[in-house]
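Enquirer: Here is my input, please return the structure:
(chains A and B)
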Amino acid sequence: MKVLTHNMMACTKKQCMGKGFPLGVECTESITLEQEFNYEFVKNIIPKLDWKGIQLIGEKLAITIPPFTEESLLDQEFLKSLYHLLCNVKIITGSLICPNCQRVYPIEKGIPNMLLREDEIYQDVRE
Amino acid sequence: MSRPEHIAPPEIFYDDVESKKYSSNSRIIEIQTKMGERAYELLAIPPSCEGLLLLDIGCGSGISGDVITDAGHEWIGCDISKDMLDVALDREVEGDVMVRDIGQGFPFRAGTFDGAISISAIQWLCNAEKSHHNPRKRLMVFFQSLFNVLARGAKAILQFYPENAAQIEMITTSALRCGFSGGLLVDFPNSTKAKKYFLVLFTGQNMLMPKAMGVDGAEEEEEEERNEVKNVNRRRDRRKGGKATIVKKSKDWIKGKKERQRKQGKEVKSDSKFTGRKRGPRF
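Expert: Model (predicted):
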């Protein structure tokens, strides 16, 4: 699973609507890919990113991204390192944890398993 | 046509063996790629626009995803069959994949994707695979969640194989009830084989429906008229007791047949002055 996907994901159990992100990460194995830098993509994706999630996963993987400011858009180095983190770092084994309901989603062979159990689908909101 | 939906639930039907079979069959790959390309075309992303993030619903082994990669975009795919996704990893697809039942919605933040495509997946939602499944409810959850994860002004193109008119009705009404605008587009409606159903959905308002392949608006009307005329003629003929038929193998008959096949999307040689002409006498 790429960091990009992690950044877009959220726990969508009923009681976590709007609160199920950023997902916590436990990473035991990760690899680095070599995709070419794509300026258009970074430009398009920046408004959609959740910077809290970037910081969180950056800490876990020991890759630091400087905080985002207005000037960052013009900073090639910043965009390149952001792209590298988003698209070239892939988590192979580990798990995702919902910050709200603490549900653990396992990641195996690079594929997160987001299937919900029967009792989790029709759960009513308990507050 | 065989219906895998009737044999077993998707996560069981597409097991290790079936997934490999599916993804190495050149005919299936060709059909899937063609439909993927058509779906991408219907998304109507301007050619200058690159680097968007798209969603592939029921991505399987990532054949349709390759189309997106070739167009220069990133994609994330969902599928319920783990074995299919393993094949996708073996094929080293560029997009990212995850195991998820689309009837449970999508595990993404709101407004994430710039568009979505789906090839031959949503007809699975019409079947209740488990005792707690309710197809209507699952379709509603699916479309609501899809509406949420798409950015405003985004499109979703969902190709599917409906079993009957009731399924089309159920799928389309669920989609429209969840806030989408758009409708059903049928390519090659006159053919049984090349006929393909696409559900074209917009999250914004006032968008134009794309044109279907294999039909022309004007031609369609003309045809309807012709049908009416034909019916009238037939009735009159019956009253007279006779039958106005075209002689088989005649020029008109050959031209008529070629026209029919052309409408079905088949490859037909163009008409020339030799079409249906009598051969000279044999020595």
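Enquirer: What is the burial count for A:Thr93?
Expert: Summarising burial for A:Thr93: neighbours were counted as other Cβ atoms under 10 Å in any protein chain shown, giving 14. In short, each C-beta sits where N, CA and C put it, glycine included.
Enquirer: Pull the distance from the longest helix along chain A to the chain's centre.
Expert: Residue-count comparison of every helix in chain A, with assignments taken from DSSP state H, identifies helix A:76-88 as the longest. When C-alpha coordinates are averaged (Cα atoms, centre = their mean, to the nearest Å), helix A:76-88 and its chain have centres 14 Å apart.
Enquirer: May I see the buried residues of that helix?
Expert: Counting neighbours by 16 or more other Cβ atoms under 10 Å in any protein chain shown, one finds that the buried residues in helix A:76-88 are A:Phe78, A:Leu79, A:Leu82, A:Tyr83, A:His84, A:Leu85, A:Leu86, A:Cys87, A:Asn88.
Enquirer: Repeat that for stretch B:273-283.
Expert: Going through stretch B:273-283 with 16+ other Cβ under 10 Å, the ones that come out buried are B:Gly276.
Enquirer: Pull up the distance across it, start to finish.
Expert: Here the two ends of stretch B:273-283 are set 24 Å apart, with distance taken as Cα to Cα, to the nearest Å.
Enquirer: Give the rounded mean pLDDT of it.
Expert: Confidence over stretch B:273-283 (mean pLDDT, whole number) is 85.
Enquirer: With stretch A:107-126 instead?
Expert: This predicted structure assigns stretch A:107-126 an average pLDDT of 75.
Enquirer: Residues touching that stretch, excluding its own?
Expert: Residues lying outside stretch A:107-126 but in contact with it, judged by Cβ atoms under 8 Å, 6 or more residues apart in numbering or on different chains, are A:1, A:5, A:9, A:13-15, A:90-96, A:103, A:105-106, B:78, B:80, B:82, B:85-86, B:89, B:97-101, B:104, B:107, B:130, B:132.
Enquirer: Run through the residues that contact the closest residue to chain A within chain B.
Expert: For chain B and chain A, the shortest gap (Cβ to the nearest Cβ) falls at B:Gly51, measuring 3.2 Å. Under the criterion of Cβ under 8 Å, 6+ apart, the contact list for B:Gly51 reads A:Asn38, A:Tyr39, A:Glu40, A:Phe41, A:Val42, A:Lys43, A:Asn44, A:Ile45, B:Gly72, B:His73, B:Glu74.
Enquirer: From those, list the buried ones, please.
Expert: Restricting those to buried positions leaves A:Asn38, A:Phe41, A:Val42, A:Asn44, A:Ile45, B:His73, B:Glu74, with burial counted as 16+ other Cβ under 10 Å.
Enquirer: Can you name the residues that contact the closest residue to A:Val89 other than its chain neighbours?
Expert: Once flanking residues are discounted, A:Val89 sits nearest to A:Val3: 5.2 Å by Cβ to Cβ, 6 or more residues apart in numbering or on different chains. For A:Val3, the contacting residues are A:Ile54, A:Ile57, A:Leu61, A:Leu85, A:Leu86, A:Cys87, A:Val89, A:Ile91, by Cβ under 8 Å, 6+ apart.
Enquirer: and of those, the nearest to chain B?
Expert: Minimum separation from chain B among these (Cβ to the nearest Cβ) is found for A:Cys87, which lies at 7.2 Å.
Enquirer: where's A:Pro23 relative to A:Val104, distance?
Expert: Not quite, residue A:23 is Leu, not Pro. Between A:Leu23 and A:Val104 the distance is 10 Å, computed by Cβ to Cβ, to the nearest Å.
Enquirer: shared neighbours, these two?
Expert: Residues touching both A:Leu23 and A:Val104 (Cβ under 8 Å, 6+ apart): A:Leu96, A:Ile97, A:Cys98.
Enquirer: Which of those residues lies at the shortest distance from B:Pro189?
Expert: A:Leu96 (44.7 Å; Cβ to Cβ).
Enquirer: coming back round to it: checking the residue of chain B closest to chain A next. Helix, strand or coil?
Expert: Secondary structure, DSSP: H, G, I helix; E, B strand; the rest coil: B:Gly51 is coil.
Enquirer: likewise the one 3 residues further on?
Expert: The assignment at B:Leu54 comes out as strand when based on three-state DSSP.
Enquirer: who's in contact with it?
Expert: Taking Cβ under 8 Å, 6+ apart as the test, what B:Leu54 contacts is B:Leu43, B:Ile68, B:His73, B:Glu74, B:Trp75, B:Ile76, B:Phe113, B:Asp114, B:Gly115, B:Ala116, B:Ile117.
Enquirer: Just flag the most distant two among those residues.
Expert: Every pair in the contacts of B:Leu54 was compared (Cβ to Cβ); the two farthest apart turn out to be B:Leu43 and B:Ile76, at 15.5 Å.
Enquirer: Which of these two has more residues huddled nearby?
Expert: Under the criterion of other Cβ under 10 Å, the comparison of B:Leu43 against B:Ile76 puts B:Ile76 first, with 25 against 21.
Enquirer: returning to that earlier point: just the buried residues of the contacts of stretch A:107-126.
Expert: Among the contacts of stretch A:107-126, the ones that count as buried by 16+ other Cβ under 10 Å are A:1, A:5, A:9, A:13, A:15, A:90-91, A:94-96, A:103, A:105, B:78, B:80, B:82, B:85-86, B:97-101, B:104, B:107.
Enquirer: show me where chain B has strands.
Expert: For chain B, the strands defined by DSSP state E cover B:53-57, B:74-79, B:96-99, B:113-119, B:150-160, B:181-187, B:196-202.
Enquirer: For those, could you give me JSON lines that also reports distance to B:Arg27 and mean pLDDT?
Expert: Formatted as JSON lines, the strands of chain B follow (distance: least, Cβ to Cβ, whole Å; pLDDT from 0 to 100):
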{"stretch": "strand B:53-57", "distance to B:Arg27": "21", "mean pLDDT": "92"}
{"stretch": "strand B:74-79", "distance to B:Arg27": "21", "mean pLDDT": "91"}
{"stretch": "strand B:96-99", "distance to B:Arg27": "23", "mean pLDDT": "90"}
{"stretch": "strand B:113-119", "distance to B:Arg27": "15", "mean pLDDT": "91"}
{"stretch": "strand B:150-160", "distance to B:Arg27": "17", "mean pLDDT": "89"}
{"stretch": "strand B:181-187", "distance to B:Arg27": "19", "mean pLDDT": "88"}
{"stretch": "strand B:196-202", "distance to B:Arg27": "16", "mean pLDDT": "90"}
